[in-house]
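Asks: Sharing a model prediction with you, sequence too.
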Amino acid sequence: MALFNLRTSRRLRLRGTRNLRSFTHFLHEKRWLLVAFIVGALLYIAPTPNGLTHEGHIVLVMSVVAVILFVTEPVPLPSVALMIIVGQILLLKDVDSTQVARSLMSDSVLFIMGSLMLAVAIVKQNLDKRLAYLIVRMTGTKTLNVASGIALVSGLMASVIGEHTVAAMMLPVAIILITLTSDDPNKVKGLAAVLLFSIAYGCSIAGIGTPSGGARNAIMVGYWKEFFYDPTNPESFKYLVDYVKWVIVCYPIFLAQLPFVMLILFMTFKPEYKHLNRAVVKLRTEIEKEGKMKSSDWLAILIFFITLLGWIFYSSEIGLGTIALLGAIAYMVFGLVRWEDLNSGVNWGVVWLYAAAISLGVQMKDTGAALWVAENFLDILPNGMDSGIGLYAAVSVLTTLVTNTMSNGAAVAVLGPISLNMATTAGESPLVLGFITSISSAFAYLTVIGTPACTIVYASGYLKTTDFLKVGWKMAIMSTLILLAFAAFYWPLIGL
């Protein structure tokens, strides 16, 4: 009996030890989740700052908690998206579940969904292999040259048709080069980061180049016309910024950033392979096995080309998302891809992530939280930064901070009127501060949700949220310095 009691006691102690170890391991693994909730609770019970509504206070607390979770990733990011959705319903008294549901399904979300479906369809037809091989034939097999070629091709296209489209189209190209180099993701972490960020950042820095490069540009053009244009005053005609003028002002900034993007990427991530000879040989072999392009290949290209024309000419009427979904439907109708392929190939968690981020951005705008942040940021500026290059830097930094927590279009929509009014008060050019605001809204390098291009490349599964932070702060500093240099030296030369 004593022996039985001794054995039982030992088993209980061992079980208790194992449970304690499991609990300790759980606390260590989820420590950032606990930190985020503790920070959120402390901010929630703190008094609401002057000038900020209680609802706006709650939204800012949710934003801080979300950013901590986005960066540290103690839980799957789709679960963070669901927390944002549930948090809005439970914590905001003037918001019900129906309103939150409506804010989730914006055209941008439909576009992300449709773009990921189109990417799966392109991979299914192996068109990504042919495009990848075409790029490699132009650049050679050196990893630096291939990454530069991907960034340049992505940028040239994104400056005309928007980063959303190009990121979705180029993602399969990078993935095929990565997978042909190695089937083990752990052996190509650096290579994957360089190629995928070449797409994301090539698209981001190029989106500033033309008015059609992003919604933020069109929003600012509309603000200039609404605030300063008077048909009876010829002097005000300068605020009617057309396509050509925008290109002259902004496109050189995109080209100037491109070599620095490559420098930063290769300094931050060390590709495991300096040459992609192995991938190129496999790629050429696979293309030769497939032979000449079949009728189904040409049909797939035709559908994508029609979808592309739809984005260019009809997106303002029916939306980018609707056109993307029509393209995905066409691929299924013509039997080029099955729903089972789309269901298994699309990262639906990324769709939820982007939907929740946009929904939270809407609440920041509607509750006045974003406006309060902007105004208080400007109030704390030191002397000497209320005009000239100091003011330019302050507006750029503010826009960069805001655009990393919401879509760039929403950031310009919120900050645009503030920047233009500041320009008038400080005696500065509204055109200059308007361009600085619009361009800086592209510096959303720090988070997965900053831009659709970042969200799309994250959907590949090769990147972690910490990768964005690791390289993003360097990108933000570089882009800001180049923008300020152009504002100080180039823009005065062209009469801006």
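Replies: Arrived safely, thanks for sending.

Asks: Run through the stretch 151-300 of the chain and note the low-pLDDT ranges.
Replies: 160-162, 165, 212-215 (pLDDT under 70).

Asks: Quick check: phi and psi on His275?
Replies: Per-residue torsions, His275: phi -130, psi 150 (degrees, to the nearest 10).

Asks: Run a quick neighbour tally on it.
Replies: Using other C-beta atoms under 10 Å, His275 is surrounded by 15 other residues. Glycine gets a C-beta too; all of them are placed from N, C-alpha and C.

Asks: Wait, it touches Thr143, no?
Replies: Yes: when contacts are counted by C-beta atoms under 8 Å, His275 is listed as touching Thr143 (6.4 Å).

Asks: Need the residues that contact stretch 352-366.
Replies: Stretch 352-366 is contacted by residues 56, 59-60, 62-63, 66, 77-78, 80-82, 84-85, 88, 92, 95, 100, 103-106, 108-109, 112, 369-371, 405-407, 410, 413-414, 448-449, 452, 455 when judged by C-beta atoms under 8 Å, 6 or more residues apart in numbering.

Asks: Next, the distance between the ends of stretch 485-496.
Replies: Chord length of stretch 485-496, first to last residue, is 14 Å (C-alpha to C-alpha, to the nearest Å).

Asks: Can we start the residue count at 26 from this point?
Replies: In the new count, where the first residue is 26, that last one comes out as stretch 510-521.

Asks: now the contacts of stretch 377-391: which count as buried?
Replies: Neighbour-count burial (16 or more other C-beta atoms under 10 Å) applied to the contacts of stretch 377-391 gives 81, 84-85, 87-88, 91, 102-103, 105-107, 109-110, 113, 117, 120, 125, 128-129, 131, 133-134, 137, 394-396, 430-432, 435, 438-439, 473-474, 477, 480.

Asks: Low-confidence stretches in the stretch 376-521 of the chain?
Replies: The stretch 376-521 of the chain contains residues with pLDDT under 70 at 409, 411, 431-432, 434-435, 438-439.

Asks: what ranges do the helices span in it?
Replies: 394-404, 413-428, 433-451, 455-465, 477-483, 490-510, 516-518 (DSSP state H, counting those that start in this stretch).

Asks: quick one: Leu216 from Leu205, how far?
Replies: Noted for Leu216: a distance of 11 Å to Leu205, by C-beta to C-beta, to the nearest Å.

Asks: I'd like the helices of the stretch 376-521 of the chain laid out as TSV, including distance to Gly344.
Replies: Formatted as TSV, these follow (distance: least, C-beta to C-beta, whole Å):
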stretch	distance to Gly344
helix 394-404	24
helix 413-428	22
helix 433-451	13
helix 455-465	21
helix 477-483	14
helix 490-510	27
helix 516-518	34
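
Asks: any idea which of those helices is most buried?
Replies: With neighbours taken as mean count of other C-beta atoms under 10 Å, these reach their highest mean count in helix 477-483, at a mean of 28.

Asks: Residues contacting that helix, please?
Replies: For helix 477-483, the surrounding residues in contact (C-beta under 8 Å, 6+ apart) are 133, 136-137, 140-141, 144, 183, 188-189, 191-193, 196, 199, 221-222, 224-225, 228-229, 375, 378-379, 469-470, 472-474, 488, 490, 493.

Asks: returning to that earlier point: of Leu216 and Leu205, which one has the most company?
Replies: Leu216 (26 against 19).

Asks: contacting residues around that one?
Replies: Leu216 makes contact with 168, 203, 206, 296-298, according to C-beta under 8 Å, 6+ apart.

Asks: For it, identify the helix or strand it belongs to.
Replies: If you go by DSSP states H and E, Leu216 is part of helix 214-231.

Asks: What's the first helix or strand after that helix?
Replies: Following helix 214-231 in sequence order, the next helix or strand is helix 240-253 (DSSP H and E).

Asks: I'd assumed Ala146 was in contact with Val371.
Replies: No: taking C-beta under 8 Å as the definition, Val371 is not a contact partner of Ala146, at 10.4 Å.

Asks: The two - which one has more neighbours?
Replies: Comparing Val371 with Ala146 by other C-beta under 10 Å, the one with more neighbours is Ala146, at 25 against 21.

Asks: Next, the residues that contact the helix or strand containing that one from outside, please.
Replies: Assigned by DSSP H and E, Ala146 belongs to helix 132-149. For helix 132-149, contacts defined as C-beta under 8 Å, 6+ apart pick out 153, 189-190, 192-194, 196-197, 200-201, 325, 329, 332, 344-350, 352-353, 356, 361-362, 366-367, 370-372, 375-376, 379-380, 383, 432, 477, 480-481, 484.

Asks: which among these end up buried?
Replies: Buried members of the contacts of helix 132-149, scored by 16+ other C-beta under 10 Å, are 153, 189-190, 192-194, 196-197, 200-201, 325, 329, 332, 344-350, 352-353, 356, 361-362, 366-367, 371-372, 375-376, 379-380, 383, 432, 477, 480-481, 484.

Asks: Contact partners for Pro103?
Replies: Each residue near Pro103 by C-beta under 8 Å, 6+ apart is listed here: 373-375, 377-378.

Asks: Distance check, the residue lying closest to Val171 once chain neighbours are set aside against His300.
Replies: Of all residues beyond its chain neighbours, the one nearest Val171 is Thr164 (5.3 Å), with distances taken as C-beta to C-beta, 6 or more residues apart in numbering. Distance, Thr164 to His300, using C-beta to C-beta: 12 Å.

Asks: for Leu506, same thing?
Replies: Distance from Leu506 to His300, counting by C-beta to C-beta: 32 Å.

Asks: Same check on Leu471?
Replies: With C-beta to C-beta as the criterion, Leu471 and His300 are 31 Å apart.

Asks: still on that earlier bit, off-centre distance for the helix holding Leu216?
Replies: 12 Å (C-alpha atoms, centre = their mean, to the nearest Å).

Asks: May I have that helix as PDB, with CA atoms only?
Replies: Output of helix 214-231 as PDB, limited to C-alpha atoms (Å, rounded to 0.1, in the frame of the first residue of the first chain):
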ATOM      1  CA  LYS A 214      14.700  32.700 -46.700                       C
ATOM      2  CA  GLY A 215      17.100  35.500 -47.800                       C
ATOM      3  CA  LEU A 216      16.500  34.900 -51.500                       C
ATOM      4  CA  ALA A 217      12.700  34.900 -51.000                       C
ATOM      5  CA  ALA A 218      12.800  38.100 -49.000                       C
ATOM      6  CA  VAL A 219      14.800  39.900 -51.700                       C
ATOM      7  CA  LEU A 220      12.700  38.800 -54.600                       C
ATOM      8  CA  LEU A 221       9.300  39.400 -52.900                       C
ATOM      9  CA  PHE A 222      10.300  42.800 -51.400                       C
ATOM     10  CA  SER A 223      11.600  43.700 -54.900                       C
ATOM     11  CA  ILE A 224       8.000  43.400 -56.100                       C
ATOM     12  CA  ALA A 225       6.400  45.100 -53.100                       C
ATOM     13  CA  TYR A 226       8.800  48.100 -53.000                       C
ATOM     14  CA  GLY A 227       9.100  48.300 -56.700                       C
ATOM     15  CA  CYS A 228       5.300  48.800 -56.800                       C
ATOM     16  CA  SER A 229       5.200  51.100 -53.800                       C
ATOM     17  CA  ILE A 230       7.800  53.600 -55.000                       C
ATOM     18  CA  ALA A 231       6.500  53.600 -58.500                       C
END
